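Q: need a 3D model of the sequence below.
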Amino acid sequence: MTIRVMLVDDHAVVREGLRALLSKENDIEVAGEAGSAAELMEQVDKVRPEVVVMDLQLGNGPNGIEATKELLQRRPELKVVVLSMFDDRHLIFRALSAGAKGYVLKRAGIEELTQAIRLVAKGEAYLDPQIARQVVEGLQEGLPQGEENDGSEVELTEREMEVLRLVAEGLTNAEIARRLFISVKTVQAHRANLMQKLGLHDRVELVKYAIKKGILKL
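A: Below is the predicted model of the structure:
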């Protein structure tokens with residue numbers, strides 16, 4: 001199945017470069033482009049993307065965070081991956097709070113972006129490994145005193161605990177599989193079980209849970 005992607009960046013040369021790189025992927029189609037939030041809103045219904053790759057700086061008009069909020073109010077089924085040069089934790093959290101399901105740094109390789117696109121298209125979340133630690137630290141600092149011990153206890157198996165810790169550390173399914181000497185499908189099954197048991201929906205929520213319960217140590 002081909003994933004329809006829309007690129008939003010105010011630099012045409014960046015969009016052209018991304019289009020050229022993504023066109024090499026058999027399962028990804030760049031269905032449209034926009035250079036501003038206004039252009040995005042104009043074209044999104046015509047383009048019908050599944051995933052929007054969003055820059056945070058869009059020149060004049062709303063920025064990428066504001067554009068993400070407006071876009072998801074109109075089309076809540078869409079998935080947004082932020083592609084940004086900024087690794088500031090406050091911007092990262094603002095983007096995630098706006099509804100973005102992925103955050104990739106522009107200095108990352110195309111493999112990171114394609115992985116993020118594929119994961120969010122399936123309903124998962126993706127954080128660039130280079131910023132995962134900042135997200136963890138930000139969540140830790142933002143926890144109210146004493147919150148780490150509240151809530152109902154959920155019984156996890158030893159293997160589920162291992163998978164939870166590695167997911168929270170920012171490892172991909174393939175990396176976890178190699179680390180634990182199990183298959184990627186087994187990792188995916190453990191993640192699905194974790195989500196169901198804990199009532200969580202994405203990696204950011206798993207990270208927060210791991211910190212609250214002391215599973216993830218910085």
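Q: dead centre of this protein: give me the residue that sits there.
A: In the chain, the centroid-proximal residue (C-alpha atoms, centre = their mean) is G102; its distance is 2.0 Å.
Q: that one and V80 touch, don't they?
A: Yes: with contact defined as C-beta atoms under 8 Å, G102 reaches V80; the gap is 7.3 Å. Where C-beta positions appear, they are placed from N, C-alpha and C, glycine not excepted.
Q: which residues are common contacts for these two?
A: Both G102 and V80 are contacted by V120, under the criterion C-beta atoms under 8 Å, 6 or more residues apart in numbering.
Q: circling back to that earlier point, please name the bridge partners of the residue nearest to the centre of the chain.
A: V81, Y126 (DSSP bridges).
Q: list the contacts for it?
A: G102 sits next to K79, V80, V81, V82, A116, I117, L119, V120, A125, Y126, L127 when contact means C-beta under 8 Å, 6+ apart.
Q: L58 now?
A: Contacts of L58 (C-beta under 8 Å, 6+ apart): V8, D9, D10, G35, S36, A37, G64, A67.
Q: now do the helix or strand harbouring A20: which elements does it pack against?
A: Using DSSP states H and E, A20 sits in helix 12-22. On a contact count with 3 or more C-beta pairs under 8 Å, 6 or more residues apart in numbering; DSSP states H and E, helix 12-22 meets strand 3-8, strand 28-34, helix 110-121.
Q: for A189, see how far away the closest residue to N63 other than its chain neighbours is.
A: Excluding the flanking residues, the one nearest N63 by C-beta to C-beta, 6 or more residues apart in numbering is L56, at 5.9 Å. According to C-beta to C-beta, to the nearest Å, L56 and A189 sit 35 Å apart.
Q: neighbour-wise, which of the two wins?
A: The residue with more neighbours, out of L56 and A189, is L56; 23 against 13, by other C-beta atoms under 10 Å.
Q: any chance of the helices and strands packed on helix 12-22 in TSV with distance to R165 as columns?
A: TSV is the format used below for the helices and strands packed on helix 12-22 (distance: least, C-beta to C-beta, whole Å):
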stretch	distance to R165
strand 3-8	30
strand 28-34	31
helix 110-121	19
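Q: which one of the contacts of L58 sits closest to E112?
A: Nearest to E112, judged by C-beta to C-beta, of the contacts of L58 is D9 at 16.4 Å.
Q: burial count for that closest one?
A: Residues within reach of D9, counting by other C-beta under 10 Å, total 26.
Q: and if you look at E162?
A: Residues near E162, counting by other C-beta under 10 Å, number 17.
Q: wait, what's in contact with it?
A: E162 sits next to L180 when contact means C-beta under 8 Å, 6+ apart.
Q: and the helix or strand it falls within, what's buried?
A: Per DSSP H and E, E162 falls inside helix 158-168. Residues E160, E162, V163, L164, R165, L166, V167, A168 are the ones in helix 158-168 that count as buried (16 or more other C-beta atoms under 10 Å).
Q: what is the mean pLDDT for that helix?
A: The pLDDT scores in helix 158-168 average 86.
Q: do the same with stretch 110-128
A: Here the average pLDDT along stretch 110-128 is 90.
Q: ok, now stretch 75-91?
A: Across stretch 75-91, pLDDT averages out at 88.
Q: show me what counts as buried in that stretch.
A: Using 16+ other C-beta under 10 Å as the test for burial, stretch 75-91 gives L78, K79, V80, V81, V82, L83, S84, F86, R89, L91.
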